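Visitor: Build the 3D model from these lines:
(2 chains, ligands or ions: 3)
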Amino acid sequence: MHEYPITEQIVKISSEKAKENNARRITRITLVVGEYSGFIGESIQMYFDIISKGTLCEGAVLEIENIKAKWRCPNCNINYSRRPLSFACPECGQDGEPTSIGKEFYVKNIEVET
Amino acid sequence: MKQEVKSVAGKEIEVVQNIFDENDRIALETKETLENLGVYVVNIMGAPGAGKTSSIISMIRNLRGEKVYVIEGDIESDIDTVKLKELGIDTIQINTKGACHLDAPIIQNSLQELTIDKPGILFIENIGNLVCPAEFQIGEHIKMLICSAAEGSDKPYKYPLAFEKADVILLTKCDLKEFVDFDDEFFLKGIRGLNKSVPVFEVNAKNGQGFQQVATWLKNRIS
Ligand SMILES: Nc1nc2c(ncn2[C@@H]2O[C@H](COP(=O)(O)OP(=O)(O)O)[C@@H](O)[C@H]2O)c(=O)[nH]1
Ligand SMILES: [Mg+2]
Ligand SMILES: [Zn+2]
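Guide: Ligands and ions are numbered 1, 2, ... in the order given. Alright, predicted model coming up:
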């Protein structure tokens, strides 16, 4: 349910870009999906096949780049992946801070036939 | 094994467009419209049964003198709306028919049903869910997270985005702490690992404890 309106946006963004470039059809869409974006590639794929019918996106391959969330330690100046039930830096043991890495949710590029 | 590569005369075009852009644009429109009417919008998030409706009622009791509006998001019923209307609060109901969060277009549409004749506060009770509501702006000035002691002290670690994005957190059902082995230190450490400055209020909607402080904090934000 949750992925439906979002998939409509993906089709809209991609189709508009393709039109701007006078493309006949889109063959591939690359999506960047962060771990904490809250979206699941498989669900998007499921709706994509339905929503893309009759648009420039019909038949396109949906390629998803997943990005794991990173925390940052200001003491050690490093980014790291957190362990369960903890936000601690693996080097110094202090709690770091969240970053924007892992919250991505955008259409990166499209491949078209002109 | 070598895979067959289909040769496509494809041309790659860079897009780099955020999928939330359209939602965020509408949210900003709503926020500006309401701001011009002098209405401050609070997006209330929390798990099902966390105590969102009870907290709204307790806040309203402590916000005497302020005009309050409520939008109730619910998957299918209107019990909360009936409860609020009985208390004389201007409330409208949205049923999302299964959707797990409110988004900006839903709120923009529903506002047509709400008569706003005075400046005040609009509480929007989001769908009970700790995941998706955090990702969608709906036109709010602040996000308030309601987390109950009964849910356990590990919630910041399991639902980090909701805690990171919250502008204020209410730890509710504090009367139940002793029955559920609530670990205050672990809970707060989790919050601080995500959100260094967010205020955390301990409240109890059964006796109203702590809500005076929440109301004062809210009033200071508005004025
Ligand atoms: N013991 C206790 N129960 C509460 C408190 N706040 C709410 N409840 C109860 O928790 C249940 C769910 O509350 P409600 O406000 O409807 O939660 P919502 O689904 O998040 O809107 C109800 O039975 C409330 O009476 C509280 O502070 N203490
Ligand atoms: Mg409720
Ligand atoms: Zn460190």
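Visitor: Okay, buried residues for the helix or strand containing residue A:31 please.
Guide: If you go by DSSP states H and E, residue A:31 is part of strand A:25-34. Of the residues in strand A:25-34, those buried by neighbour count under the rule 16 or more other Cβ atoms under 10 Å in any protein chain shown are A:26, A:27, A:28, A:29, A:30, A:31, A:32, A:33, A:34. In this view, the C-beta of every residue, glycine as well, is placed from N, C-alpha and C.
Visitor: can you list those residues in a markdown table and add distance to chain B and pLDDT?
Guide: Conversion of these to a markdown table gives the following (distance: Cβ to the nearest Cβ, whole Å; pLDDT from 0 to 100):
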| residue | distance to chain B | pLDDT |
| --- | --- | --- |
| A:26 | 9 | 97 |
| A:27 | 5 | 97 |
| A:28 | 7 | 97 |
| A:29 | 8 | 97 |
| A:30 | 8 | 97 |
| A:31 | 8 | 96 |
| A:32 | 9 | 96 |
| A:33 | 9 | 94 |
| A:34 | 10 | 94 |
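Visitor: got the phi/psi numbers for the closest residue to ligand 2 within chain B?
Guide: Ligand 2 sits closest to residue B:53 of chain B, with a gap of 3.4 Å, by Cβ to the ion. Main-chain dihedrals, residue B:53, degrees, to the nearest 10: phi -60, psi -40.
Visitor: Would you mind giving the orientation angle of the helix or strand following the strand holding residue A:31 with respect to strand A:25-34?
Guide: Remark: after strand A:25-34, the chain's next helix or strand is helix A:41-51, criterion DSSP H and E. For helix A:41-51 against strand A:25-34, the angle by axes from the mean of the first three to the mean of the last three Cα atoms, to 10 degrees is 150 degrees.
Visitor: So which elements touch helix A:41-51?
Guide: Helix A:41-51 is packed against helix A:3-20, strand A:25-34, strand A:61-67, with contacts defined by 3 or more Cβ pairs under 8 Å, 6 or more residues apart in numbering or on different chains; DSSP states H and E.
Visitor: shouldn't residue A:74 be in contact with residue A:96?
Guide: Yes. Judged on Cβ atoms under 8 Å, residue A:74 makes contact with residue A:96 at a distance of 6.9 Å.
Visitor: With only the CA atoms kept, save the worst-scoring helix or strand of chain A on mean pLDDT in CSV.
Guide: The weakest-scoring helix or strand in chain A, judged by mean pLDDT, DSSP states H and E, is helix A:41-51 (a mean of 88). Extracted C-alpha coordinates of helix A:41-51, given in CSV (Å, rounded to 0.1, in the frame of the first residue of the first chain):
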residue,chain,number,x,y,z
GLY,A,41,12.7,-2.4,-3.5
GLU,A,42,10.6,-5.5,-4.1
SER,A,43,7.3,-3.7,-3.3
ILE,A,44,8.2,-0.8,-5.6
GLN,A,45,8.9,-3.4,-8.3
MET,A,46,5.5,-5.0,-7.8
TYR,A,47,3.6,-1.7,-8.2
PHE,A,48,6.0,-0.5,-10.9
ASP,A,49,4.8,-3.2,-13.3
ILE,A,50,1.2,-2.1,-12.9
ILE,A,51,1.6,1.6,-12.8
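Visitor: Just the buried residues of it, please?
Guide: Those would be A:41, A:44, A:47, A:48, A:51, for helix A:41-51 by 16+ other Cβ under 10 Å.
Visitor: Next: stretch A:59-72.
Guide: Residues of stretch A:59-72 classed as buried by neighbour count (16+ other Cβ under 10 Å): A:60, A:62, A:64, A:67, A:69, A:70, A:71, A:72.
Visitor: and the least confident helix or strand of chain A, how far out from the chain's middle?
Guide: Helix A:41-51 sits 13 Å away from the centroid of its parent chain (Cα atoms, centre = their mean, to the nearest Å).
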